[in-house]
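Visitor: the sequence and its predicted three-dimensional model are supplied below.
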Amino acid sequence: MRTLAGVGSTPRSGVGTARWYRPDADLTLPDRPDPDAVDAEAELARYEAARDAVREALRDARDRTAERVGEEEAAVFEAHEGFLDDPTIVEDVEAAIDDWTPAEHAVADRFDEAVAQFEGMEGRMAERADDLRDVRDRLLRALLDDGGDGPPAAADLAALPDGTILLAERLTPSDTAALDPDAVAGIATVEGGRTSHAAIIARSLAIPAVVGVGGELESVADGETVLVDGEAGEVVGDPDKTQRAAARESGPDAIRERVETDDGRPVEVAANVGGEAELDPAAERGADGIGLFRTEFLFVDRESPPTEDEQYAAVTAALSAFPDDRVVVRTLDVGGDKPVPYLDLPDEPNPFLGRRGIRLSLDEHADLFETQLRVLLRAAATEEGDGLAVMFPLVTRVEEVERAVDAVESVAADLAEEGVDHAVPELGAMIETPAAAFLADALAERLDFLSVGTNDLAQYVMAADRGNDAVAEYHDPLHPAVVRALDRTTAAVEGTDAWVGMCGEMAGDPALTELLVGLGFDELSMSAVTVPEVKRRVREVDADAAASLASEALACETRAEVLDALGLDDRPA
Ligand code: PEP
Ligand code: MG
């Protein structure tokens, strides 16, 4: 038995048989020919064809990942398409080819230069080097493959034998997204950080992972039995019997019943879904319901808004998948980084600070809002509609909630007049802005529940665009100001009939479960894959100890102090 230290990335353990993945070995470039022997026009055509093939493959990977993992994780492939078509890279590669460099060498030279630039940067920017390597390797594979006897395809990562522990120098996001989480018992890499997209995808797939082990990982041979402990950040060669048994127990088995803390406080652990395809996986992972049903997916990738009947079918499908549970449907939340071309959203210099969320629903898109409310009130009256709850996004004013509630009442009156069956579901607001957090008591008075969207809340509290890597370290749910905004929200529902949940990414980090329970959240909603692990953590929590932990975190003035209070080395911001 020998132990190698790395960085724990997916907080669970797995044991299995080591298998090295060395894709670079296949990508040896042919020697550079004499410039006279290069037909620049033909090389340009090869480069174009390779880019077309890679673009198509990236779009397939995007769609597959969106379906299997989630929209947010799939976005990395859109970023890859950005690298593929980056005008400066494309121009430089074309110029090199014009200068009689064969296409594969022109691509390798230019991408290696970009990789080196990113590697020289700090933090998350350095991790973008992995994304560039991924695009470079795809292009090289496409180029080297076109002679018929090109390189063998890299090992088929989608078809690894059961119980594989995959070892690699580093994994790209595409590599990781191809893995079958039922077959792969763990991942360990020589390089890489826990906020790289590959690590995020592994986490979403719930595959135990340790990254950044360093060159010592090479001492593990193919075929050896290995334990990957993503919690301790360790890779153990030849683990003993007790370690193996413990690793098997921490497998991703779903806990199907509702959970409570060790001392009996119930906490609902629900799933976020962005489409009908995600409903069954959420149920399979043991989610207690849906804490966020993003209705935007019904509106994107089409030419006109969905009809009332189409929307009704989607909402009732969610209710049927969770007939005994709560299903929280969010009304349309477009604008910001979620454009919908046919809606003619205003072109604004600062879209995240512009017309988005409830603002659009109450004004220029009141018609769409009315249709959505008709759908929701009709669905609430169905046999499985008892658990339906509806929430409004990006609230900043009490008046918005009052107008939204008035709209619900007016739609109820219309349906009554038409003789259509309907019921008014639970109504809630998302707490995604400092304004909403400061007014949480006033909102809770008027509503049945509040649900904190930490993705936006951290963005607005910290003045850090959630999509901008350059300020990623500021977009930090563990910054004391964000933690205090969470407390302000949970304190506001105390002593009222309203309940409070969280549906931002923060809710799905099992290392933060105790803090969130201690802050007083009644419900946590997350990507389905982390549901079993968070349920396991809830059961281990002692509610009083969690409340003390929360008080300690609330007294902190820096992120470092919060991490220290939580006993954590580091977390992605
Ligand atoms: C959030 O902002 O945390 C949230 C859950 O909503 P979205 O990510 O869809 O903006
Ligand atoms: Mg949001």
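Guide: Cool, the structure landed. This one's a predicted model, so the numbers in the text were calculated from it and none came from an experiment. Residues are numbered from 1 along each chain as shown. Ligands and ions are numbered 1, 2, ... in the order given.
Visitor: where does pLDDT dip in the chain?
Guide: Where the chain drops to pLDDT under 70, the residues are 25-26, 68, 122-124, 146-155, 194-195, 248-253, 337, 571-573.
Visitor: quick check: residues of it near ligand 1?
Guide: Within the chain, the positions near ligand 1 by CB under 6 Å from any ligand atom are 292, 294, 333, 432, 453-456, 503-504. For the C-beta atoms, the positions are set from N, CA and C on the backbone; glycine is no exception.
Visitor: now do the SS call for residue 267.
Guide: Each residue gets one of three states, and residue 267 gets strand by DSSP: H, G, I helix; E, B strand; the rest coil.
Visitor: and for it, nearest residue in space, chain neighbours not counted?
Guide: Distance criterion CB to CB, 6 or more residues apart in numbering; nearest residue to residue 267, sequence neighbours excluded, is residue 538 at 4.8 Å.
Visitor: can you pull the contacts of that neighbour?
Guide: The neighbours of residue 538, taking CB atoms under 8 Å, 6 or more residues apart in numbering as the test, are 259-261, 267, 269, 513, 517.
Visitor: helix or strand for it, just tell me which one.
Guide: The secondary structure element spanning residue 538 is helix 531-540 (assigned by DSSP states H and E).
Visitor: and stretch 240-247, which residues are buried?
Guide: For stretch 240-247, the buried set under the neighbour-count rule, 16 or more other CB atoms under 10 Å, comprises 243-244, 247.
Visitor: returning to what we had before: now for the contacts of residue 538, which pair is the farthest apart?
Guide: Using CB to CB, the two most remote members of the contacts of residue 538 are 260 and 513, lying 12.8 Å apart.
Visitor: which strands and helices sit next to the lengthiest helix in the chain?
Guide: The helix that spans the most residues within the chain, counting by DSSP state H, is helix 40-68. Contact analysis of helix 40-68 by 3 or more CB pairs under 8 Å, 6 or more residues apart in numbering; DSSP states H and E lists helix 71-84, helix 87-98, helix 103-119, helix 123-144, helix 173-178 as its packing neighbours.
Visitor: deepest of the ones you listed, which one?
Guide: For the helices and strands packed on helix 40-68, average neighbour numbers computed from mean count of other CB atoms under 10 Å are highest in helix 173-178, which has a mean of 25.
Visitor: could you chop this protein up by domain?
Guide: Residue ranges for the structural domains of the chain, counted by automatic domain parsing, are given in the record as 29-144, 157-249, 261-566.
Visitor: closest to ligand 2 out of those domains?
Guide: Nearest to ligand 2 among the domains of the chain is domain 261-566; the distance by CB to the ion comes to 3.7 Å.
Visitor: what residues does the stretch 251-400 of the chain have near ligand 2?
Guide: By CB under 5 Å from the ion, no part of the stretch 251-400 of the chain sits against ligand 2.
Visitor: so where do the strands sit in the stretch 251-400 of the chain?
Guide: Assignment of strands within the stretch 251-400 of the chain using DSSP state E, counting those that start in this stretch yields the ranges 259-260, 266-273, 289-294, 326-330, 388-392.
Visitor: same question for the stretch 451-573 of the chain.
Guide: Under DSSP E, counting those that start in this stretch, the stretch 451-573 of the chain gives strands at 499-502, 523-526.
Visitor: now for the first one, which elements pack on it?
Guide: Packing partners of strand 499-502 (3+ CB pairs under 8 Å, 6+ apart): strand 449-452, helix 480-493, strand 523-526.
Visitor: buried stuff in it?
Guide: Of the residues in strand 499-502, those buried under the neighbour-count criterion (16+ other CB under 10 Å) are 499-502.
Visitor: I'd like those as CSV, with distance to ligand 2 appended.
Guide: Written out in CSV, the entries for the buried residues of strand 499-502 read as follows (distance: CB to the ion, whole Å):
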residue, distance to ligand 2
499, 19
500, 16
501, 14
502, 12
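Visitor: distance to residue 371 added to those residues, as JSON lines?
Guide: Rendered in JSON lines, the data for the buried residues of strand 499-502 read as follows (distance: CB to CB, whole Å):
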{"residue": "499", "distance to residue 371": "28"}
{"residue": "500", "distance to residue 371": "29"}
{"residue": "501", "distance to residue 371": "26"}
{"residue": "502", "distance to residue 371": "29"}
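Visitor: stretch 400-415: how far from the chain's middle?
Guide: Between the mean C-alpha point of stretch 400-415 and the mean C-alpha point of its chain there is a distance of 33 Å (CA atoms, centre = their mean, to the nearest Å).
Visitor: stretch 556-571 now?
Guide: Distance of stretch 556-571 from its chain centroid, counting by CA atoms, centre = their mean, is 23 Å.
Visitor: give me the contacts around it.
Guide: Taking CB under 8 Å, 6+ apart as the criterion, the residues outside stretch 556-571 that touch it are 476, 478-480, 483, 509, 511-512, 514-515, 549, 552-553, 573.
Visitor: now for residue 355, how many residues are close by?
Guide: For residue 355, the neighbour count with other CB atoms under 10 Å is 16.
Visitor: need the contact list for it.
Guide: 335, 345-346, 348, 363-364.
Visitor: spell out which parts of the stretch 401-550 of the chain neighbour ligand 2.
Guide: Counting by CB under 5 Å from the ion, the residues of the stretch 401-550 of the chain near ligand 2 are 432, 453, 456.
Visitor: ok, for residue 224, nearest residue in space, not its chain neighbours?
Guide: What sits nearest to residue 224 in space, not counting adjacent residues and going by CB to CB, 6+ apart, is residue 18, at 4.7 Å.
Visitor: which element, helix or strand, includes that neighbour?
Guide: If you go by DSSP H and E, residue 18 is part of strand 13-21.
Visitor: that older thread, tabulate the contacts of stretch 556-571 (JSON lines), appending neighbour count.
Guide: Conversion of the contacts of stretch 556-571 to JSON lines gives the following (neighbours: other CB atoms under 10 Å):
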{"residue": "476", "neighbour count": "22"}
{"residue": "478", "neighbour count": "26"}
{"residue": "479", "neighbour count": "21"}
{"residue": "480", "neighbour count": "17"}
{"residue": "483", "neighbour count": "23"}
{"residue": "509", "neighbour count": "23"}
{"residue": "511", "neighbour count": "16"}
{"residue": "512", "neighbour count": "22"}
{"residue": "514", "neighbour count": "23"}
{"residue": "515", "neighbour count": "25"}
{"residue": "549", "neighbour count": "20"}
{"residue": "552", "neighbour count": "16"}
{"residue": "553", "neighbour count": "24"}
{"residue": "573", "neighbour count": "19"}
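Visitor: which of those residues sits closest to residue 491?
Guide: residue 483 (12.4 Å).
Visitor: follow-up on the earlier one: among the contacts of residue 355, who's most crowded?
Guide: Taking other CB under 10 Å as the neighbour criterion, residue 335 ranks highest of the contacts of residue 355 with 23 neighbours.
Visitor: who does that residue bridge with?
Guide: Partner residues in beta bridges with residue 335, using DSSP bridges, are residue 338.
Visitor: so it makes contact with residue 356?
Guide: Yes. The pair formed by residue 335 and residue 356 meets the contact definition of CB atoms under 8 Å, at 2.7 Å.
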